[in-house]
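Student: just coords:
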């Protein structure tokens, strides 16, 4: 299986590691560490050195309860980083749901649009007809796109979580989103899907998605999964959730790597992680037995 993107055709014969670069002051686990352009670029370089196959840059936190960010502020955060990151020799993904941001970074050479809204978001403040994500991606000559399942939206998604059997619901949603995009002319080999661990799901539902992950991975689309440092891991390992700001990242390292490894073993083609070096090492162990 191969994932076609703007500048790279990514061979998914073995699982690939996507390194997270949060250019934000308020992300749930590393907010503020890489908020400046210089710090974010140093982190990009480190992740590549550590073995990241893809860089995923984001300027807006999507943690539960997060407030929407103004488009101009998001662009101010990410554009200077993107300009340099595309020179590092690996595919660059942009974690955004705003069509204007998508267009701006694609114009700079970004390879992948990674959208928590699966291209469904529309600007509530737009006057008249506004551009949407489907239009941006379908008009591009060859960018990759990852469509994620999210129940609700970041401000309220953990207040009213999903009900019933989540696996067929997530699978059906992702299939529909991918078909809609193909109907607009986007080739199937450009599309990946993500079940959206933690986005409007309970702890039990997240682990149900992991246990039955192969059911989600129908349709022949590459599957990307992001378990890294999620609160569900803290819930099952006994880590305190009293204050996310005070959590020790080291307490979440082993559970995060374990979840990434289990996801890869169950068919994930891309694992989206904070701890690249450790995840790469773990995947090498999995590769040795395969």
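Tutor: That came through fine. Here the structure is a predicted model, which is why all the values come from computation and not from measurement.
Student: Buried residues in the helix or strand bottoming out on mean pLDDT in the chain, which are they?
Tutor: Ranking every helix and strand in the chain by mean pLDDT, DSSP states H and E puts helix 231-237 at the bottom, with a mean of 89. Residues of helix 231-237 classed as buried by neighbour count (16 or more other Cβ atoms under 10 Å): 231-235. No exception for glycine: its C-beta is placed from N, CA and C like everyone else's.
Student: Could you do stretch 155-172 as well?
Tutor: Buried, per 16+ other Cβ under 10 Å, within stretch 155-172: 157-158, 161-162, 166-167, 170-171.
Student: Same question for stretch 216-227.
Tutor: 216-217, 221-227.
Student: what does stretch 132-145 give?
Tutor: 132-134, 136-138, 140, 143-145.
Student: Pull the distance from it to the chain's centre.
Tutor: Stretch 132-145 has its C-alpha centroid displaced from the chain centroid by 17 Å (Cα atoms, centre = their mean, to the nearest Å).
Student: hmm, who's touching that stretch?
Tutor: Outside stretch 132-145, the residues that touch it by Cβ atoms under 8 Å, 6 or more residues apart in numbering are 3-6, 10, 91, 93, 97, 99, 102-103, 106, 110-115, 117, 119-122, 180-181, 184-186, 190-192.
Student: what's the following helix or strand after the least confident helix or strand of the chain?
Tutor: Per DSSP states H and E, the first helix or strand lying C-terminal to helix 231-237 is helix 249-265.
Student: average pLDDT for that following helix?
Tutor: Across helix 249-265, the average pLDDT comes to 91.
Student: to the chain's geometric centre, what's the distance from that helix?
Tutor: 16 Å.
Student: And stretch 141-159, by the same measure?
Tutor: Worked out by Cα atoms, centre = their mean, stretch 141-159 lies 9 Å from the chain centre.
Student: Next, the distance between the ends of it.
Tutor: 39 Å (Cα to Cα, to the nearest Å).
Student: Likewise for stretch 226-234?
Tutor: 15 Å.
Student: and what of stretch 215-224?
Tutor: OK, stretch 215-224 end separation, Cα to Cα: 14 Å.
Student: Just the residues contacting it, thanks.
Tutor: For stretch 215-224, using Cβ under 8 Å, 6+ apart, the contacting residues are 1, 3, 12, 18, 114, 146, 167-168, 170-171, 174-175, 178, 188, 191-195, 209, 213, 267-272.
Student: Drop anything exposed from these.
Tutor: By neighbour count, with 16+ other Cβ under 10 Å, the contacts of stretch 215-224 hold 3, 12, 18, 114, 146, 167, 170-171, 174-175, 178, 191-195, 209, 213, 268-272 as buried.
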